[in-house]
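> Got a predicted structure plus its sequence, pasted below:
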Amino acid sequence: MKVFRTLGVAAAGLLAIASISAAELNLDKSHTKVQFTVSHMVVSSVTGRFSDYTGNFAFDSATRRLTGANVTIKVASINTEDEKRDEHLVGPDFFDAENHPEISFRVTAPTTLRLNGATNVPGFLKMRGVEKPVTLSVIYRGSVKDPWGNTRHGFQASVKINRRDFGVNWDMKLDNGGLVVGNEVEILIIGEAVEKPAGD
């Protein structure tokens with residue numbers, strides 16, 4: 001029993017050291033895109049984006065260890081370049097923004113990211129009040145110092161979901177049996193996160 005207690009204390013110490021070394025990163029909205037693509041009438045697709053969102057991460061650039069992540073998207077900021085369609089999307093048929101104003105993602109387990117290669121990052125996506133486990137494919141592009149002394153980290157994260165799993169069930173069938181709006185939705189975030197300076 002004493003051995004197990006000792007191992008437990010050691011493990012807790014290692015976790016504490018890891019959490020201390022992880023820096024806080026925040027999405028830079030000036031250099032980030034949050035968008036989605038869904039099939040339209042089988043033969044084409046519609047791409048939209050969200051302009052209001054926040055994201056913060058706990059990340060150790062030396063080890064490329066991601067120990068925490070939270071992304072929150074305001075549904076009402078959707079833009080598909082069609083005002084009437086956007087009004088439909090934020091309404092009860094789709095996102096129901098009045099009752100569920102946010103889409104969120106959170107990381108559930110520490111993950112070491114590959115450099116310039118895809119890494120599976122498990123987490124939970126919550127949309128329209130429904131939270132489900134998903135796995136993001138994340139490509140970490142590395143870091144660089146900008147001319148103002150900030151450390152910037154580049155990345156790309158994507159995931160494909162079935163909208164019906166999250167209660168987005170509006171449907172209209174075509175004469176050939178296809179759907180006006182496809183069930184599979186690809187979510188893609190491409191951008192930069194800025195490292196918060198130590199001591200701030």
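Received the coordinates, thanks.

> how about the strands in this structure?
23-27, 33-40, 44-50, 53-60, 65-74, 78-79, 102-107, 111-112, 118-127, 130-145, 151-162, 181-195 (DSSP state E).

> a markdown table for the ones you listed, including mean neighbour count?
Using the backbone N, CA and C atoms, a C-beta is placed for each residue, glycine as well. Shown next, in a markdown table, are the strands of the chain (neighbours: other Cβ atoms under 10 Å):
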| stretch | mean neighbour count |
| --- | --- |
| strand 23-27 | 19 |
| strand 33-40 | 17 |
| strand 44-50 | 14 |
| strand 53-60 | 19 |
| strand 65-74 | 18 |
| strand 78-79 | 18 |
| strand 102-107 | 19 |
| strand 111-112 | 16 |
| strand 118-127 | 17 |
| strand 130-145 | 15 |
| strand 151-162 | 17 |
| strand 181-195 | 18 |
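
> out of those strands, which comes closest to D93?
strand 181-195 (9.8 Å; Cβ to Cβ).

> So which elements touch that closest one?
strand 23-27, strand 33-40, strand 53-60, strand 151-162 (3 or more Cβ pairs under 8 Å, 6 or more residues apart in numbering; DSSP states H and E).

> can you do 7 Å?
strand 23-27, strand 33-40, strand 151-162 (3 or more Cβ pairs under 7 Å, 6 or more residues apart in numbering; DSSP states H and E).

> can you list contacts of that strand?
23, 25-28, 31-40, 57, 150-164 (Cβ atoms under 7 Å, 6 or more residues apart in numbering).
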